[in-house]
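sequence unavailable; structure follows:
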């Protein structure tokens, strides 16, 4: 079971929008609670904690979703274990947050963005939107899907809206990985909204403003932001 933090309205009701954000490597469930301002007034933020101790792979005292093994490469066993645990976590989300979620968006920063993308591509219909902040597209082998199977969905299910933001000066997850990942997705017929910023491996107020607007404009049932 994944530990998590929760920030929700004082009187949540069934059908409220829920944003689940996954932290990056070497961090923990507290890290992305600061992004709560992207939520609408009736929104709930859930930040799970990765299951693997980060110091196992030299990531410090925090936690990790998988072992990063090189340029655009994730260790398959550790990533697939995290995907399985994340699936269990989201399946039990109504009990964990105390109400039935409405539109559910999964996203994250760095490793969390890579995990979110891999989860949505291999579990069609599980989430209503995907947010990738400075992440990359892992290989089919790492995610646990056969060649190109990760891109297939049932005829009655389309891919959820996708927001992919990246820093053009990112030294940790190079911008070229974003370019390559987006190309692979588009070649498979998956469209997305992309935003690029002259920054390194972090988030900016401009990026969060763009994300807040995108959530209201693109995710079905998500309340529109005031600047939308």
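Cool, got the structure. Everything numeric in this text was worked out from a predicted model, so none of it was measured. Numbers count the residues shown, from 1 in each chain.

any idea which helix or strand in this protein has the lowest mean pLDDT?
helix 140-143 (a mean of 90; mean pLDDT, DSSP states H and E).

note down every partner strand of the helix or strand just after that one and its orientation.
As assigned by DSSP states H and E, the chain's next helix or strand after helix 140-143 is strand 162-167. The strands that strand 162-167 pairs with in its sheet are strand 129-133 (parallel), strand 193-197 (parallel) (by DSSP bridges).

give the contact list for residue 55.
By CB atoms under 8 Å, 6 or more residues apart in numbering, the contact list for residue 55 reads residue 61. Where C-beta positions appear, they are placed from N, C-alpha and C, glycine not excepted.

right, I mislabeled it, should have said residue 30
5, 47.

swap in 10 Å and give it another go.
5, 23, 47, 49, 62 (CB atoms under 10 Å, 6 or more residues apart in numbering).

any chance of the residues you listed in TSV, with neighbour count, secondary structure and distance to residue 166 too?
As requested, the contacts of residue 30 are exported to TSV (neighbours: other CB atoms under 10 Å; DSSP: H, G, I helix; E, B strand; the rest coil; distance: CB to CB, whole Å):
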residue	neighbour count	secondary structure	distance to residue 166
5	15	strand	26
23	26	coil	17
47	26	strand	21
49	18	coil	24
62	19	coil	22
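
let me know the closest of those to residue 89.
residue 49 (10.1 Å; CB to CB).

quick one, what contacts the closest one?
2-5, 22-23, 27-31, 62-63, 65.

ok, of these, which come out buried?
Neighbour counting by 16 or more other CB atoms under 10 Å classes 2, 22, 23, 27, 28, 29, 31, 62, 63, 65 among the contacts of residue 49 as buried.

filter these down to the ones in strands?
22, 63 (DSSP state E).

residue 209: which of the buried ones among the contacts of residue 49 is nearest?
Each of these was checked against residue 209 using CB to CB; the closest is residue 31, at 19.7 Å.

that closest one reaches residue 111, doesn't it?
No: Residue 31 lies out of contact with residue 111 (CB atoms under 10 Å); the separation is 11.2 Å.

what touches both of these two?
22, 23, 24, 63.

now these in TSV, with distance to residue 117?
Listed next are these as TSV, based on distance: CB to CB, whole Å:
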residue	distance to residue 117
22	11
23	15
24	14
63	19
